[in-house]
Structure formats: structure tokens, C-alpha cells
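Requesting a structural model of the entry that follows:
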Amino acid sequence: MRTYLVGGAVRDRLLGLPIAERDWVVVGATPEQMIAAGYRRADADFPVFLHPETGEEHALARRETKTGPGYKGFAVETGPDVTLEEDLARRDLTINAMAQDADDTLIDPYHGREDLDAGLLRHVTPAFVEDPVRLLRVARFAARFGQWGFRVAHGTQGLMRRMAESDDLRALRPERTWQEMKRALAETQPWRFFEVLHGCGALAALIPELAGVLGEPGAHDDRPPAPPFAALRRASAADSSLAVRFVALMHAAVPNAAAVPAFCQRLRVEREPCDLLGLLAQALPRLRQLGDAPAADLVGFADRHRGFQNPGRFAALLVAAESVDPALARACARLRVARDAAATVSADALGDAGLAGPAFGAELLRRRQAAAAAHEGGSHGCPRC
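A predicted model of the protein is given here:
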């Protein structure tokens, strides 16, 4: 029984990156031997075990054979005769198909180290096409490692184009696609995930609304980035939140606020980014009129969009708006100043006014508008400069 560190931990160690988690492959063992050695089953139907001390996952080396459509259409075979090379062969990319033994010796049968040094995302074997999730994973690794110049190898691009035309890709569950998309949106260059998918034709099958506003993909296109990608770049530089990045990218793909719920439901998008997408669609027309508006109008806008009850979401709305339309930067800057000045007037300040219901709300808004106007007047007009 021999144990090897495999996959992302080996790759990230060679890149000098922090290792988030470690995965292990055990060669030459049976499930019974793993149990006898003190390991606990992590899955009743899959040969993965938890180490008795570290709790890290140890999987028995396995072969996979395609038996049906989709990413679940595989038969898994394990046994003491399955070699480490056979186990590594079933992985997606060469940079993920390396292992290290107990002496830290690198086992690299598919030349992952060379591809790591060259910045290439290359498939291990032609069996890459059998699992449509691999296409999403390649795009996600492009988003993660794009900052170091990693690119998809030409041959892998060809396989991805074949996969984009297959029924397997369309059989992907929306939840699985959204899971990969969420992870990609958290990466340093999230736009590359969608550029790679669009370049191979997969985006048209997965998110046709977005593909439709991007135009024809070009493998070596020197044009400026398409507006949704440019918006995502700006959002990524300003905010790391999933909601803001998602909204900046998808705003152009959804024609109006009424179309947002069905769009998000089909993609299985969670509530926060979905709500922010609808809010931006509603707010943009009015935002474009606020550049020279008086402070009272700015406070009124903040009040209508719950800028005092939910300041975090209001802040996210303004970042998303600036990302989609940089011309709104001045209006958003004035809105931030006005909201903050108005927020110094709290509901407690009206405690002795004897007001209730709509009258209370109207007076609170009036006082907040007055506070914002006074602040803007006292700043010698700087927010309007």
C-alpha cells in the first residue's frame, strides 16, 4: 500500500502558492485494508476514506470507463492492480496530473511540470471530452492563473469546441454550472472564465443571453473587451463580492427587471446577486439623471432604494452601476456623500416630534435631505466639481 499526494496540492506547491487542501491517492490497497488501517469511509458508494488522524481524504486509485451521457455516465473500477499512472490519466489537465511520494519525489508521467513552466492548460488524454465538467474547469483555471499568463493549449481548444457541440454539455445540471461559475467569479481574472467558454462556443449553450451580446468569438482578437467583460474587469478591481461581479457581467444580457427572475431561476442563481441584478435594472435610468441633481433628489433616490435600511446593498448597487457605466462615477460619488450626510439624522432624532406613520417618514426624509444639502453647501460644491 503506497500513498501519494496528488492534484492541486502538488501543482500549487510547485507554483509557490498556498495549499488550501491536500488530496491523496492510495495504490495497492482494498477497502478492507483501508478500514483495517483505521481509515473511515467518506462515501458509502465511492472509494474515498478519511485519514484517522488528519481527516484528509484518501482515495483508492481508480480507472474510469465512459458508460453513458453526461458527467455521471462513468463506471469506476478500483483494485490493488490499478496503477498511479492510470489514476492520473483520468484527470483533466496535465498540471493537475502530478503526484509526490513520501520522499517528495515528483511523479509526472504526462509532463505537467513542463506545461506548468510554459503556462499551458493542456488535457491529459483524449478522454478529456468524456466529461463536460472538465470544460468548465479549464475555463476556471484560466481565470485563476490568467494573471501569470496561462493559456489554453491549441489541441485542448479543439477538444473543447467538440464538447461545446455535444449533447453532454447540454445535459449539465444548472446547479453544477452555477457552482463552477461562482468559483470562477471569485478568481483574480473572472472574465477569463467566460472568455474561454465563449471562445470555444460553450457559452452559447450554457448562457445564450450573455453569448448573444458578446458577438462572434475570436481566438486572437485584438479588439477592446466586449462591454460585459469590461464591466466585469472594473467590478473586479473595485469589489470582490459575488453579487457585484455577477451583476456587472450579466446586466447587458437581461433586457429589463421583469426578465431577471426567470433568468436567475434558470441559472440557479442565489437570491442576493439576483436581487441586485433586478435592482440595477430598475435604478439605472434614474441614476443617469442624477449627475447635477440637487442633494434632496440624491437623498430621495437613496431612500427609495433602501440606502438607509440596507447600506451594504446600496453601496453594492453604486459599484455595480459604475462598473456597467463609468459615466455614472460622478453621480455615484455624489450619492455616497449625500447618503452618508443624511444618515447622520437618525429616526431617534424625531422621538419627541409626536409624529407617526407616513408623517414620521416624511419628516425624517425632509430632515435628511436638509442635512445633505447643508453638507454639500458647506463643502463649497466639491461633490459637484
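
rest of the way, CA atoms for contacts and neighbours
Will do.

helix/strand/coil for Ser240?
At Ser240, secondary structure determined by DSSP: H, G, I helix; E, B strand; the rest coil is coil.

Spit out the contact partners of the closest residue to it other than its chain neighbours.
Nearest non-adjacent residue to Ser240, counting by C-alpha to C-alpha, 6 or more residues apart in numbering: Ala186, 6.9 Å away. Ala186 makes contacts with 240-242, as judged by C-alpha atoms under 8 Å, 6 or more residues apart in numbering.

and if you look at Asp239?
245, 319.

cool, and Ala29?
Residues near Ala29 by C-alpha under 8 Å, 6+ apart: 1, 60, 79-80.

that older thread, and the gap between the residue nearest to Ser240 and Gly149?
Distance from Ala186 to Gly149, counting by C-alpha to C-alpha, to the nearest Å: 18 Å.

same thing with Gln265?
On the measure of C-alpha to C-alpha, Gln265 and Gly149 end up 35 Å apart.

Looking at those two now, which is surrounded by more residues?
Each of Gln265 and Gly149 has its neighbours counted (other C-alpha atoms under 10 Å); Gln265 has more, 13 against 10.

my guess is that one is in a strand, correct?
No. Assessed with three-state DSSP, Gln265 is helix; it does not lie in a strand.

what about it, distance to Asp292?
38 Å.

next one: Ala164
Counting by C-alpha to C-alpha, the gap from Ala164 to Asp292 is 48 Å.

Ser346 too?
From Ser346 over to Asp292 the distance is 26 Å, taken as C-alpha to C-alpha.

again, but for Ala184
Taken as C-alpha to C-alpha, the span from Ala184 to Asp292 is 38 Å.

Between those two, which is the more surrounded one?
Using other C-alpha under 10 Å, the more surrounded residue of Ala184 and Asp292 is Ala184, with 25 against 14.

Now the element after the helix or strand that contains the more buried one, going C-ward?
Per DSSP states H and E, Ala184 falls inside helix 174-185. Once the chain leaves helix 174-185, the next helix or strand it forms, by DSSP H and E, is helix 191-199.

what helices or strands is the helix or strand following that next one leaning on?
Going down the chain from helix 191-199, the next helix or strand is helix 203-206, by DSSP H and E. Packing partners of helix 203-206 (3 or more C-alpha pairs under 8 Å, 6 or more residues apart in numbering; DSSP states H and E): helix 167-170, helix 191-199, helix 208-214.

Can you tell me what sits against helix 203-206?
164, 169-170, 194, 197-198, 210-212.

what's the lowest-mean-pLDDT helix or strand in the chain packed up against?
Ranked by mean pLDDT, DSSP states H and E, the weakest helix or strand in the chain is strand 74-78, scoring a mean of 78. Here strand 74-78 touches strand 62-66, going by 3+ C-alpha pairs under 8 Å, 6+ apart.

Give me the buried positions along the strand it packs on.
62-64 (16 or more other C-alpha atoms under 10 Å).

Hmm, which of these is lowest in pLDDT?
Among the buried residues of strand 62-66, Glu64 has the lowest pLDDT, at 81.

Could you verify my assumption that that one touches Val82?
No. Glu64 is beyond contact range of Val82, at 10.8 Å (criterion: C-alpha atoms under 8 Å).

and the residue lying closest to Arg2 once chain neighbours are set aside, backbone torsions?
Once flanking residues are discounted, Arg2 sits nearest to Val27: 5.2 Å by C-alpha to C-alpha, 6+ apart. When read as degrees, to the nearest 10, the backbone of Val27 gives phi -110, psi 140.

what about the closest residue in space to Arg162 that isn't next to it in sequence, neighbour count?
Residue nearest to Arg162 in three dimensions, not counting chain neighbours: Val129, with 7.7 Å by C-alpha to C-alpha, 6+ apart. Using other C-alpha under 10 Å, Val129 has 21 other residues around it.

what's the answer for Gly307, then?
When neighbours are counted by other C-alpha under 10 Å, Gly307 registers 22.

can you tell me which residues contact it?
Residues near Gly307 by C-alpha under 8 Å, 6+ apart: 313-315, 339.

And His111, by the same measure?
Residues near His111 by C-alpha under 8 Å, 6+ apart: 94-95.

separation between it and Glu85?
His111 is 12 Å from Glu85, where distance means C-alpha to C-alpha.
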